[in-house]
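J.: Need the 3D shape of this:
(one chain, ligands or ions: 1)
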Amino acid sequence: MDIIYASNPESVGQVAARLIAREILVKPDLVLGLATGSTPIPTYRYLVRLFGEGLISFAKVRTFNLDEYVGLSSTHSQSYAYFMNEHLWGKVDLPRCNADIPSGTAPDIQAECQRYETAIKNAGGIDLQILGLGPNGHIGFNEPSHDLAIRTHLVDLTEATINANARFFDNAGEVPRQAITMGVGTIMQARKILLIVTGDKKRDILQQSLFGPVIPEVPASILRFHPYLTVVTDINLTSACP
Ligand code: F6R
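T.: Okay, here's the model as predicted:
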């Protein structure tokens, strides 16, 4: 595990974007796993800048998002498809048909989960997966639990996640109660993982994830078993839990 410290969320975004850009330069047809949420916004902004400066192209890149809310169409302003379009897809030369994300309005959710797994497999697997960290330790929408689902699946969001994400909606009542998410097995099969975490309020959960016991109650702790995990953060960590 490599931990790269940066001084603030903007610098974290710059560092993360450069790491992603390097992967695209080495492999122009990179299969890139994307995350939404507030943490990667600066990263996407710098990627768009690097594209604008002619340094990278997404023309051959394929992307797979971690998750999507059930019940929200891609045109809903709080859907993750809409978010991606606003922050990355719509601002670079990524062919829209190369950007995949679970459909939150699929009539058969189980079939949609299966379709997504097959699409990832057919793309040759994910080369680099970007992750944020939920305040409760979730990755994607793999919530703290007694066991973790391996593949893309339907998940009931916890009250903690609904409350944390209510900031994007008019009120908590509008936050969807379910989502489709990649499972931890799908995430762990990515060849490289880039975990981006900013803000002091995530200090304890990041500390537990990286240095506490590996337990399903802290889903991100499983990332420690990944052979190629890079963490970019503005949080100063102590190297072990007390
Ligand atoms: C988003 C996702 C989530 C977020 C996490 C952190 O696609 O999968 O796991 O990465 O909830 O969200 P922010 O960055 O808003 O704190």
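J.: can we go C-alpha only for contacts and neighbour counts from here?
T.: Fine.
J.: Up against the ligand, what does the protein have?
T.: Contact residues (C-alpha under 6 Å from any ligand atom) of the chain with the ligand: 35-39, 66-67, 131-134, 138-141.
J.: Return the members of those classed as buried.
T.: 35-36, 39, 66-67, 131-134, 138-141 (16 or more other C-alpha atoms under 10 Å).
J.: The top helix by length along the chain: which residues count as buried?
T.: Longest helix in the chain, counting residues (DSSP state H): helix 9-26. Buried residues in helix 9-26, defined by neighbour count with 16+ other C-alpha under 10 Å: 9-21, 23-24.
J.: Looking at these, spot the one nearest the ligand.
T.: Minimum distance to the ligand across the buried residues of helix 9-26 is 10.9 Å, recorded for residue 9 (C-alpha to the nearest ligand atom).
J.: Just list what whatever helix or strand comes next after the longest helix of the chain packs against, helices and strands only.
T.: As assigned by DSSP states H and E, the chain's next helix or strand after helix 9-26 is strand 31-34. On a contact count with 3 or more C-alpha pairs under 8 Å, 6 or more residues apart in numbering; DSSP states H and E, strand 31-34 meets strand 62-65, strand 128-131.
J.: Now do the buried residues in whatever helix or strand comes next after strand 31-34.
T.: Using DSSP H and E, the helix or strand that directly follows strand 31-34 along the chain is helix 41-52. For helix 41-52, burial by neighbour count (16+ other C-alpha under 10 Å) applies to 41, 42, 43, 44, 45, 46, 47, 48, 49, 50, 51.
J.: Which residues outside the lowest-mean-pLDDT helix or strand in the chain are in contact with it?
T.: The helix or strand of the chain with the poorest confidence is helix 159-165; it has a mean of 90 (mean pLDDT, DSSP states H and E). Applying C-alpha atoms under 8 Å, 6 or more residues apart in numbering, the external contacts of helix 159-165 come out as 134, 135, 136, 172, 175, 176, 177.
J.: Report how many residues lie close to the fourth one.
T.: Counted with other C-alpha atoms under 10 Å, residues neighbouring residue 172 total 16.
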